[in-house]
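Novice: Attaching a predicted model along with its sequence, questions to come.
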Amino acid sequence: IQVGEEESNHSFTFDHAFPPLTSQLEFYSTCITPLIQSCLEGYNATILAYGQTGSGKTHTIIGEFERGRNQEQLKADAELDDETGVIPRALHDIFLGMEKIKMECEEGKEDDDEIGEINQHQSLALSSSKPQFEYQIKVQFLELYGEQIHDLIIKDFKIESDRNDLK
């Protein structure tokens, strides 16, 4: 995209540009799903929504998330609808992906146990070489507004460890 007159024009490059009526699912599938897969492979990812006031950043990132629902209602509504935003979809996919990886690790261990029936000594060597299933997830939800950064998880935290102790 070029902006400006011929003498002082500026060029901007984008990975994707979407029309105004793009669905949450189409946007998520195109831009966010590859980042989630990378996270499950151990890489970091950042998602940034930038734009003027009223341009739809909050709707894209959060969606039509009803704040008044309790935990039981949220669990019952585990299926994502068309208006679900990036954050709820990403968290949903991250935890589903972790469960899938955990199951694959456990299946690998069961395969090792079957081998052990044939040769117990070989089984011990194989099972001890399998890595344990372990993940550590850290998230931050920050808002940058008027050159001020606001933490959207903890309003007033005195020490950094408060954030790391959240369950």
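Specialist: That came in fine, so what should we check first?

Novice: Over to residue 31. Which of the three states is it?
Specialist: The assignment at residue 31 comes out as helix when based on DSSP: H, G, I helix; E, B strand; the rest coil.

Novice: Neighbours of the residue lying closest to residue 33 once chain neighbours are set aside, how many?
Specialist: Nearest residue to residue 33, sequence neighbours excluded (CB to CB, 6 or more residues apart in numbering): residue 93, at 7.3 Å. Where C-beta positions appear, they are placed from N, C-alpha and C, glycine not excepted. For residue 93, the neighbour count with other CB atoms under 10 Å is 19.

Novice: for residue 93, phi and psi?
Specialist: Backbone geometry at residue 93, expressed as degrees, to the nearest 10, gives phi -70, psi -40.

Novice: With residue 10 instead?
Specialist: phi -120, psi 140.

Novice: where do the strands sit along this structure?
Specialist: 2-3, 10-11, 142-145, 148-151 (DSSP state E).

Novice: of these, which approaches residue 35 most closely?
Specialist: Ranking the strands of the chain by proximity to residue 35 (CB to CB) places strand 142-145 first, at 16.9 Å.

Novice: What strands flank that closest one, and is each parallel or antiparallel?
Specialist: strand 148-151 (antiparallel) (DSSP bridges).

Novice: Next one: the residue nearest to residue 36 when sequence neighbours are not counted from residue 17, what distance?
Specialist: Distance criterion CB to CB, 6+ apart; nearest residue to residue 36, sequence neighbours excluded, is residue 93 at 4.8 Å. Going from residue 93 to residue 17 by CB to CB, to the nearest Å gives 24 Å.
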